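> build me a model:
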Amino acid sequence: MARHWTINGRFLSQPTTGVQRYAREIVRSLDALITERGPLTRGLELRLHCPQDSSDFPLNSIEYCRIGSTGGHLWEQTKLAASLHGGGLLSLCNTGPLLSHKHIVCIHDANVWNAPESYSLGFRTSYKALLPCLGKTACNISTVSHFSLTELVRRDIVPSCRAFVAPNGHEHALMWKPEHSAATRSVASRNTIVMIGSAAPHKNVDLILGLADRLGKVGMEIAVVGMSDSRVFSRGTARAEARNIHWLGRIGDSELAALLMDSLCLAFPSLTEGFGLPVVEAMALGCPVVVSDRASLPEVCANAALYAPADNPHAWLDRFISLRNSKALRLQLAAKGKARALAYSWRTSALRYLEAMAVADGIDTDTRVVRLREFT
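Numbers count the residues shown, from 1 in each chain. Below you'll find the predicted structure:
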C-alpha cells in the first residue's frame, strides 16, 4: 500500500539562511534515499509542494509541485493544508499548518524566548503563538541539537515523548569548490579572523568587533561575512570603522570556502544557538574554530574547538593570539574539526525522518533502522 507524504516547500520561496539550508539538504538526502530504494522508502510517495514564487529545485524521485497563488504563513495554513488529502506532512523550517495532525515539524531552537531582543516584534509574536500550537498538534517534533530539545521541553513548547533530534550535516561543505574573489583574496591570511556578521544581539558580534584595535596592534584582521535580514532581525549596535575590519557582505559558498581555508579561524561568539551550522562547515573544511562556551556549541564542537566565555573579550584575544602563534595548535584543531564534522550527516538525519514517517504510518519495526548517536 502506498504511503503519501508531502514536504512543506515554503523554504524555496525564502532567502537561504541556516534554516533553509537545513531543509534543502534534508530533502536532497531524502531524494537520494528514495532513489536507492532503501527499506524505509518502500511504498513511500513523497511530493514537494511549494508556493508559485519558489526557486527551481531539481530532484530525481520526489515530485515537485507549485500550488496556489499566495505565499508565506497564509499559503501554509490554507493552500498547503488543503493539498494534503489525508497524507502526512513534513515541515522542516519551524512553521506549518496547524490543522495537519499527521505532521512532523522541525523547530530549530527556542531563540524567540531565549533572545527576544534579536527579533522584530511581529516575528517573535507570531512564533511565540505558533510554535507551542504546533508542539501540541503535530504527531512528532524534531530539533537540531540536544540543547535545543532541552530548551523546547523546558519552555513547554514541545512534549519530550514526541520529540527527537535530527542534527544538521556537513556533506554540503565538502562539495564547495574553493575559489577566491578579489575581495576574499585580499583579506585571507593566517592573521585573519573570519566572522559571520549579524546585527542580531544574540550573535554577539560586538564582542569581536570591540577587539579590533587590540587585534590591529598585533597585526590581526577581522573579515565579516554576511548581513542581517531587516525583516526578521531588529537593528543591533554592531558598527565599526576600524581599518582592520573588512566588511565583505554576502559571498558565495565557493568564496566562503576559500576564505575559511586560507584564514586563521572562524570566530563564533554567540550567546545562544540552536546548532551553529557555520561552525560545522568550517570544521569540515579544516578551518580552526573559536567558539563561545554556551548553548549548543560545546555539544556540537566537543574537543574540536577553542572555547572562550561569551562575555570575556580578554579570553577571546588570548585564544586568537595563541592560535596565531602555534602552528601545532592550528594543525591539531584542523584535524579534530574534520573528524568532528563527520559525526554530523544529512543522510543520517534524513533516515531519522524516514523512520518517523514510518512510525506515523503505523509501520511497526522491532529494530530501529537508525539510532542517532549521542553527541558528547
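
> output the below-cut-off pLDDT ranges for the stretch 151-300 of the chain.
227-241 (pLDDT under 70).

> show me where it has its helices.
Along the stretch 151-300 of the chain, counting by DSSP state H, counting those that start in this stretch, helices occupy 171-174, 182-187, 205-209, 212-217, 253-261, 277-284, 297-301.

> mean neighbour count and distance to Lys338 added to those helices, as TSV?
C-beta: built from backbone N, CA, C; applies to glycine. Compiled in TSV, those are given as follows (neighbours: other C-beta atoms under 10 Å; distance: least, C-beta to C-beta, whole Å):
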stretch	mean neighbour count	distance to Lys338
helix 171-174	17	10
helix 182-187	16	21
helix 205-209	22	24
helix 212-217	15	27
helix 253-261	22	12
helix 277-284	26	6
helix 297-301	23	12
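
> okay if I get the ones you listed as TSV plus distance to Leu84?
Formatted as TSV, the helices of the stretch 151-300 of the chain follow (distance: least, C-beta to C-beta, whole Å):
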stretch	distance to Leu84
helix 171-174	29
helix 182-187	44
helix 205-209	41
helix 212-217	52
helix 253-261	33
helix 277-284	29
helix 297-301	34
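
> neighbours around His170, how many?
22 (other C-beta atoms under 10 Å).

> surely Arg324 touches Arg190?
Yes - assessed by C-beta atoms under 8 Å, Arg324 is found in contact with Arg190 at 6.7 Å.

> shared neighbours, these two?
Common neighbours of Arg324 and Arg190 (criterion: C-beta atoms under 8 Å, 6 or more residues apart in numbering): Leu264.

> out of the two, which sits in the busier spot?
More crowded of Arg324 and Arg190, by other C-beta under 10 Å: Arg324, with 20 against 13.

> quick one: the more buried one is in a strand?
No - judged by DSSP: H, G, I helix; E, B strand; the rest coil, Arg324 forms no part of a strand; its state is helix.

> and it, how far from Leu317?
11 Å (C-beta to C-beta, to the nearest Å).

> tell me which of the helices of the stretch 151-300 of the chain sits nearest to Lys336.
Among the helices of the stretch 151-300 of the chain, helix 277-284 comes nearest to Lys336, with 8.1 Å by C-beta to C-beta.

> and that closest one, what does it pack against?
When contacts are defined as 3 or more C-beta pairs under 8 Å, 6 or more residues apart in numbering; DSSP states H and E, helix 277-284 packs onto helix 18-35, helix 171-174, helix 253-261, strand 265-268, strand 289-292, helix 297-301, helix 327-341.

> let's have the ones you listed in a markdown table, adding distance to Ala81.
Rendered in a markdown table, the data for the helices and strands packed on helix 277-284 read as follows (distance: least, C-beta to C-beta, whole Å):
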| stretch | distance to Ala81 |
| --- | --- |
| helix 18-35 | 18 |
| helix 171-174 | 30 |
| helix 253-261 | 34 |
| strand 265-268 | 37 |
| strand 289-292 | 39 |
| helix 297-301 | 34 |
| helix 327-341 | 37 |
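
> out of these, which comes closest to Ala200?
Comparing the helices and strands packed on helix 277-284 by C-beta to C-beta, helix 18-35 comes nearest, at 12.3 Å.

> may I see the buried residues of the closest one?
18-34 (16 or more other C-beta atoms under 10 Å).

> next: stretch 311-325.
Quick answer for stretch 311-325 (16+ other C-beta under 10 Å): Pro313, Ala315, Trp316, Leu317, Arg319, Phe320, Leu323, Arg324.

> of those residues, which belong to helices?
Pro313, Ala315, Trp316, Leu317, Arg319, Phe320, Leu323, Arg324 (DSSP state H).

> now for the second one: which residues touch it?
Yep, that's Ala315 we're talking about. Contacts of Ala315 by C-beta under 8 Å, 6+ apart are Ala308, Pro309.

> would you agree Ser254 is in contact with Glu179?
Yes - using C-beta under 8 Å, Ser254 makes contact with Glu179 at a distance of 4.2 Å.

> where do the helices of the stretch 1-150 of the chain begin and end?
18-35, 72-75, 81-82, 111-114, 121-137, 146-154.

> closest to Phe57 out of these?
helix 18-35 (7.4 Å).

> quick check: angle from the closest one to helix 253-261?
Angle, helix 18-35 to helix 253-261, by axes from the mean of the first three to the mean of the last three C-alpha atoms, to 10 degrees: 110 degrees.

> ok and helix 18-35 relative to helix 277-284, angle-wise?
60 degrees.

> residues in contact with helix 18-35?
By C-beta under 8 Å, 6+ apart, helix 18-35 touches 7, 11, 14, 16, 40-41, 44, 46, 48, 57, 59-62, 92-94, 106, 108, 144, 166, 168-169, 171-172, 275, 277-278, 346-347, 349-351, 353-354.

> please apply the same query to stretch 180-189.
With C-beta under 8 Å, 6+ apart, stretch 180-189 has contacts from 221, 223, 246, 248, 251-252, 255-256, 258-259, 262-264.

> got the end-to-end distance for it?
With C-alpha to C-alpha, to the nearest Å as the measure, stretch 180-189 spans 12 Å from end to end.

> how far away is Arg352 from Trp346?
For Arg352 relative to Trp346 (C-beta to C-beta), the value is 11 Å.
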